[in-house]
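Enquirer: How does the following fold in three dimensions:
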Amino acid sequence: MKIRSSVFASLCLLFEICGIALFLRGFFPVPVKSSFTSKNKVSDLPAEPLTGNGPNMSNMPPPLFKRVVIVLIDGLREDFVFGTKGHHFMPYTRHLVERGSSLSFVAKARPPTVTMPRIKALMTGSIPGFIDVVVNLNSQALLEDNLIWQAKAAGKRIIFYGDDTWVRLFPKHFLEYDGTTSFFVSDYTEVDNNVTRHLDNTLKRDDWDMLILHYLGLDHIGHLSGPHSSLVGPKLIEMDNILKKIHASLITKETEESLPNLLVLCGDHGMSETGSHGGSSDPEVKTPLVLISPAFKRKTAMEKPDTVEQVDLAPTLALALGLPISQNSVGHLIPPVFHETSLRDQLRFLHLNGFQLSCLLKDSIPAYEKEEGYEQFHVAEKSHGNWMKLYLEGNASEILSNMGKKVLKQYLDALKAMSSALSRQLGKYDMYSMIVGMIFIFQVLLLLLLVMPEALSSAASVELPLGTALLSLPFYLLFLLCTSMHMLVCTSAESSCYLCGLPWSIALAIITVVSAALCLLVTMATQRLVPEGRPSSKSHNSSDAGGFSELDILLLMGTLGHVFSLAASSFIEEEHQTWYFLLNTLCLAVFQDVCRTYFRERKGPADELCYAPTREDTSLRKWLALLTPLLTLSCCRLLRSLNQTGVQWAHLPDLGHWLTSAEHKVALSLLSTASLALIFILVQHRCSLVSKIALALGLLGVYSYRAAVGNVQFPWQQDLRDLSKGTVEARFVYVFVLGILFSGVKDLLRSQVVTVDARLKSRGLWEVYSGLVLLASLLFRPHNLPVLSCSLLIQTAMRQFIWREQQYDAAQITIMHYWFGQAFFYFQGNSNNIATVDISAGFVGLETYVEAPAIFLTAFNTYTGPLLWACHLVCYLSSEYDRSMTAMAHGCYCFALLRSIPAAAYVILVTALRYHLFIWSVFSPKLLYEAMHTLVTTAVCLFFTVMDQNHSSKP
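Expert: Predicted coordinates for the structure are as follows:
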């Protein structure tokens, strides 16, 4: 069966997406959880250790607090409370920290530092799986044991106001609640007012035991303008006043007979220097944890806060409220909270925590008995029994006190060791799913490599011997062998496998596909490596005649070098440096080719080199061609200084920070105006008159939107009183985006269905491209508009003076576009850290959170660089009439191959490095980016395939 190269490439990528999805399902482990389906109960608690046969207590110690108010401020960095900002903007809280009855800690969150996994960690004490960063957009009910369930089961009345993620995680748990969406980041005022408006009435009431407030405004300010924005100070002052009001209310309600109340101030995560979060940098993972209650000793001066794990709060609150610890909690209690209790109660609290951790350790680690913490716990438990015997005998000597302190230390050491062991055991990898996924991915890569001569030939078609492969005996034998192995794995696996849980019909379909692909590979390899009289493929591929050029070698070595660099965590963190280097080298290689073209080299009689000008030397075109690589280098150097990205130098100030500061708004306004004007000039010349008008009005709307939200200003705009969310202006732009896209799609349909018109098709493609450029202009932050204008400038210059003049083939041009797309991905300020994803772009023009458009806009904004360069490639190859019969197919095939090579290499790397120290902070986010990039490339190749027509003759 013979099919086009573009169709084959698209099918391969679709197959690869399935393999990557299966690999991700196996790689991102299920978090450590107890296998018991029931939740912990008071009746399940162990008895107090006691040596001998005397009676011992099996009850919980009495609770320490009557009421608890948890104030969770989303995006609260530890320096916002303990640093200079806390001193200036949160004076009341800072006074309580320095001289009040409080305990202060720095709570470290585990990546991914996004809201939903952090709420899970705070309430369950467990470490959520990294894949929860994806589920964060659509949280489901939390079924595992947690503090909220335990409190409700104990009859405690819980009220909640704030982020509606809590309402979705804990449905039917709250006596009263009012949720607000956490994803509409343009709103940082009403989202907090909606919480505070309930406060006065709720604090006066006595019908609740636990009050949870989740404030989102600070996090939204971070997403909009960063942690150093002028909006941060007023928001912290607002939060300080709220804490003052709550604290005053709790104090007035306390009596001498009742238990004290507890006020907890915490953050779910911090924010990076750009205002985002999701990664593992210190500003993202370090959050303040302040416990305020008369039960604690009053301080006399500011003390350096100790560091605890965020998961330690769940067991601490549970025991302090007289509740069982959640089954899956890996945290250990925070000792200072219990210092004012009796020594017997302290030991009992530690024993309950140790018993829960030891049970989870037994259930999670096969060789649990060899764990140091498990052995230490049993030693401490035995010592505790001896201490209890002396205590019950009435021994009141100093020996008993010293012995109790020793047992206390033994318990603490055991708890820390067991908690650390469980934290390292983040989950269990599903190796079976990972291996099957890798087989899928490598089969795709091998298929693409095997068909390379045919796919890049003048026919641009691939011969697939499906009949020979599927009707052969080896296929059926392989199918039976794979089925047997599947049954063997599923019946002997110690832990559950995703593939083993699938219905047999789906499992057999997967086995059939894998067996068929393997047989197809063997058949094709046999036919190509043992030609048996077939004509050489070189006769079908004129590009082979001249061998590899220097540019070919550079493109090949650069692509492979980038793949090899992914084996090092530092190169992943600073991957942008790799692409900047490759792009600069490419520009120099192109400059050398241009010099050779316009200054032809020949030898004189004295063997001296002299340069004879060609007939084009008298034209301006030669000099413009020479300037194009230099212009590209200059633009790249400018864009590098616009956004500091990566990890090592991300904290350094850059041009983007300078432009976005309030005192430089005029400069940003002028730069935005110039960039938008340049975008119009570069894009409009290939559009119809109607589209030109729509583009001009749309770009004017882009500036109006940014002025409405306060990023830039019009000359007559003197103050900020008229600021709005810019919803009307953004929707105004969306109308023109849809109009231009509709015009382009209409031309494409006419060229494909009504009449075969290459010029009409080319115009339709350019108009679709123009619509995407206008959409990118709207979503880009103003300081990033030069990235877009420079991208268009480089595309125009290369198209006019380099690619056509140098007669580069479709494969070379495709690889160049791929490299440029990757570099511009990082020029935007992106990195392999989830924190650099600008989610505010997903809410441009939206008044409420709508999942589908928000996800699409965020993904488009993140991958604008690769998408626009890929779209430009389609437009360019389509407009080259003499190449149109095969150029599109060649481009599609090269795109698929360029994506498959790093994807296949990276799944091997992360499998080998799955126990690496930086697996969750560096390698896992990169794996998600690789998966998303493959999905984007698949969409691009499908577009290639639709645009590729196998004409029998030139149009």
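Enquirer: phi, psi of the most centrally placed residue in the chain?
Expert: Closest residue to the average C-alpha location of the chain: I834 at 3.3 Å, with C-alpha atoms, centre = their mean. Phi and psi for I834, reported as degrees, to the nearest 10, are phi -60, psi -20.
Enquirer: do the same with H214
Expert: Dihedral angles for H214 - degrees, to the nearest 10 - are phi -120, psi 110.
Enquirer: Okay, and the beta partners of it?
Expert: L72, G162 (DSSP bridges).
Enquirer: And the pLDDT for it?
Expert: Note for H214: predicted pLDDT of 95.
Enquirer: repeat for E190
Expert: At E190, pLDDT is 84.
Enquirer: H220 versus that one, what's the distance?
Expert: Distance from E190 to H220, counting by C-beta to C-beta, to the nearest Å: 10 Å. In short, each C-beta sits where N, CA and C put it, glycine included.
Enquirer: what sits in contact with each of those two?
Expert: Contact criterion C-beta atoms under 8 Å, 6 or more residues apart in numbering; residues shared by E190 and H220: none found.
Enquirer: okay, those two: which has more neighbours?
Expert: H220 (28 against 11; other C-beta atoms under 10 Å).
Enquirer: who touches stretch 465-472?
Expert: Contacts for stretch 465-472 (C-beta under 8 Å, 6+ apart): M1, F475, A516, C519, L520, V522, T523, M524, Q527.
Enquirer: Select from those residues the one having the most neighbours.
Expert: C519 (24 neighbours).
Enquirer: give me every residue that touches it.
Expert: So C519 contacts A469, L470, S472, P474, F475, L478 (C-beta under 8 Å, 6+ apart).
Enquirer: hmm, 7 Å instead?
Expert: Counting by C-beta atoms under 7 Å, 6 or more residues apart in numbering, C519 makes contact with A469, S472, P474, F475, L478.
Enquirer: out of those, which are buried?
Expert: A469, F475, L478 (16 or more other C-beta atoms under 10 Å).
Enquirer: Name the nearest residue to L630, ignoring sequence neighbours.
Expert: The spatial neighbour of L630 that comes closest, neighbours along the chain excluded (C-beta to C-beta, 6 or more residues apart in numbering), is F591 at 7.0 Å.
Enquirer: tally of neighbours for D207?
Expert: Neighbour tally, D207, other C-beta under 10 Å: 9.
Enquirer: Hmm, it is touching I158, no?
Expert: No. In this structure, D207 is not within contact of I158 by C-beta atoms under 7 Å, at 11.1 Å.
Enquirer: Find the least confident helix or strand in the protein, judged by mean pLDDT.
Expert: When the helices and strands of the chain are scored by mean pLDDT, DSSP states H and E, strand 609-613 comes last with a mean of 43.
Enquirer: immediately after that strand, which helix or strand?
Expert: Toward the C-terminus, strand 609-613 is succeeded by helix 620-640 as the next helix or strand (DSSP states H and E).
Enquirer: For T937, which non-adjacent residue is spatially closest?
Expert: Closest to T937 by C-beta to C-beta, 6+ apart is R899, at 4.3 Å.
Enquirer: helix, strand or coil for that neighbour?
Expert: Following DSSP: H, G, I helix; E, B strand; the rest coil, R899 is assigned to helix.
Enquirer: Can you give me the neighbour number for it?
Expert: 27.
Enquirer: now the helices for the stretch 651-800 of the chain?
Expert: 655-660, 665-684, 689-708, 727-749, 758-779, 785-798 (DSSP state H, counting those that start in this stretch).
Enquirer: Now tabulate those in CSV and tack on mean neighbour count and mean pLDDT.
Expert: Putting the helices of the stretch 651-800 of the chain into CSV (neighbours: other C-beta atoms under 10 Å; pLDDT from 0 to 100) gives the following:
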stretch, mean neighbour count, mean pLDDT
helix 655-660, 18, 87
helix 665-684, 18, 93
helix 689-708, 20, 93
helix 727-749, 19, 92
helix 758-779, 24, 91
helix 785-798, 23, 95
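Enquirer: Pipe those helices into TSV and attach distance to Q346 per row.
Expert: Converted to TSV, the helices of the stretch 651-800 of the chain look like this (distance: least, C-beta to C-beta, whole Å):
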stretch	distance to Q346
helix 655-660	49
helix 665-684	57
helix 689-708	58
helix 727-749	56
helix 758-779	55
helix 785-798	58
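Enquirer: Got phi/psi on S102?
Expert: phi -150, psi 160.
Enquirer: which one is it nearest to, not counting chain neighbours?
Expert: Nearest one to S102, counting by C-beta to C-beta, 6+ apart, is I292 at 4.5 Å.
Enquirer: Show me what that neighbour is bridged to.
Expert: Legend: beta-bridge partners of I292 under DSSP bridges are S102, L263.
Enquirer: Show the contacting residues for it.
Expert: Listed by C-beta under 7 Å, 6+ apart, the contact set of I292 reads L96, G100, S101, S102, H247, L263.
Enquirer: Nearest to G26, out of the contacts of stretch 465-472: which one, please.
Expert: A516 (21.9 Å; C-beta to C-beta).
Enquirer: what's the helix or strand for that closest one?
Expert: helix 504-529.
Enquirer: what's the next secondary structure element after that helix?
Expert: Next element after helix 504-529 (DSSP H and E): helix 550-565.
Enquirer: Give me the contact list for that following helix.
Expert: 571, 578, 582, 585-586, 589, 593, 812, 815, 898, 901-902, 905.
Enquirer: Just the angle for the helix or strand R25 falls within relative to helix 504-529, thanks.
Expert: According to DSSP H and E, R25 maps onto helix 5-27. Taking axes from the mean of the first three to the mean of the last three C-alpha atoms, to 10 degrees, helix 5-27 and helix 504-529 form an angle of 130 degrees between their directions.
Enquirer: which stretches of the stretch 301-450 of the chain form strands?
Expert: 306-309, 427-428 (DSSP state E, counting those that start in this stretch).
Enquirer: Confidence-wise, which of the ones you listed is weakest overall?
Expert: It's strand 427-428: among the strands of the stretch 301-450 of the chain, that one has the lowest mean pLDDT, namely a mean of 62.
Enquirer: gap between the residue nearest to S102 and G646?
Expert: 39 Å.
Enquirer: quick one: contacts for the residue lying closest to I158 once chain neighbours are set aside?
Expert: Spatially, and ignoring its direct neighbours in sequence, I158 is nearest to M210 (4.5 Å; C-beta to C-beta, 6+ apart). M210 makes contact with V68, A151, K156, I158 under the criterion C-beta under 7 Å, 6+ apart.
Enquirer: ok, now with 10 Å
Expert: 67-70, 147-148, 151-152, 156-160, 174-175, 262, 317, 321 (C-beta atoms under 10 Å, 6 or more residues apart in numbering).
Enquirer: Pull the distance from the helix holding A516 to the chain's centre.
Expert: Distance of helix 504-529 from the chain centroid (C-alpha atoms, centre = their mean, to the nearest Å) equals 34 Å.
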